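**Q** just need the structure, nothing else, for what follows:
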Amino acid sequence: MVAYLVVGRTPWSQKIFNNIIQYYSGEWYFIGTPEELTINNIQKIQPRYIFFLHWSWKVPDELINNYECICFHMTDVPYGRGGSPLQNLIIRGHESTKLTALRMTQDFDAGPVYLKEDLCLAGNAEEIYIRATDLSAKMIGRIIQQEPEPVPQTGEVTNFKRRKPAESEIPQVPSLQNLHDFIRMLDAEGYPKAFIEHQGFRYEFSRAALYDGRIVADVRITPVKEPHA
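**A** Alright, predicted model coming up:
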């Protein structure tokens, strides 16, 4: 029986594996931590493909060179290679994108493409990530059935820069729509929420809704931690 491996770090990655992917034909395995992603463990499985769902750590070159590793990138590559694709798309005003299944290489997001599917960018970040994960599962099903040959990327390369936690501080924005986009693009489990700091307190915003000329959102207020001397 053909073996396959899914690697993912988020709760929605584990959920889609448990509910959908593991029931595809073949023998399926799941890895959820960098510590498990070792050459020894992979050699025991000998997977036909290794699928990466929302993985934040560097994959060892030995793995990429010896196995067909496939990741799902939330841009129409070669546009938008690099980190924080969702946030970079929303902050640039995109309302939709492509979810791209591509073969992983030593160069980030530069490998050949298996499939591309339309992806809507409405909702908060976690909703979009869940939507993308559901779409990734369908694409995985197509890949294991059809085994398509990946096609090299063509066109002008645009690189995105990975965002840092400090960049979640809300900047000056020209409109409520821009502010709403800034809050929602960071609203996912494991991400630093949009925040402001004022008079010794940090205000972190989530679950933002824009309507009737106003934003209604949840706010979490904590004391600002003093830096260590």
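
**Q** which residue ranges of the chain form strands?
**A** Along the chain, the stretches classed as strands by DSSP state E are 3-8, 27-31, 49-53, 69-73, 79-82, 96-103, 113-120, 158-160, 194-198, 201-211, 214-223.

**Q** elements contacting the fourth one?
**A** Contacting strand 69-73 under the criterion 3 or more Cβ pairs under 8 Å, 6 or more residues apart in numbering; DSSP states H and E are the following elements: strand 49-53, strand 96-103, helix 125-146. Yep, even glycine has a C-beta here, placed from its N, CA and C like the rest.

**Q** how far away is the most centrally placed residue in the chain from residue 198?
**A** For the chain, the residue nearest the mean C-alpha position is residue 54 (4.3 Å; Cα atoms, centre = their mean). Distance of residue 54 to residue 198, computed by Cβ to Cβ, to the nearest Å: 33 Å.

**Q** do you know how far residue 215 is from residue 199?
**A** Distance, residue 215 to residue 199, by Cβ to Cβ: 21 Å.

**Q** again with residue 222
**A** Look at residue 222 and residue 199: by Cβ to Cβ, they are 13 Å apart.

**Q** now residue 1
**A** 62 Å.

**Q** with residue 27 instead?
**A** 58 Å.

**Q** ok, the two, which is more surrounded?
**A** Taking neighbours as other Cβ atoms under 10 Å, residue 27 and residue 199 compare with residue 27 leading, 14 against 5.

**Q** out of the helices and strands packed on strand 69-73, deepest packed?
**A** Highest mean neighbour count among these (mean count of other Cβ atoms under 10 Å): strand 49-53, with a mean of 24.

**Q** the inter-axis angle of it versus strand 113-120?
**A** 30 degrees (axes from the mean of the first three to the mean of the last three Cα atoms, to 10 degrees).
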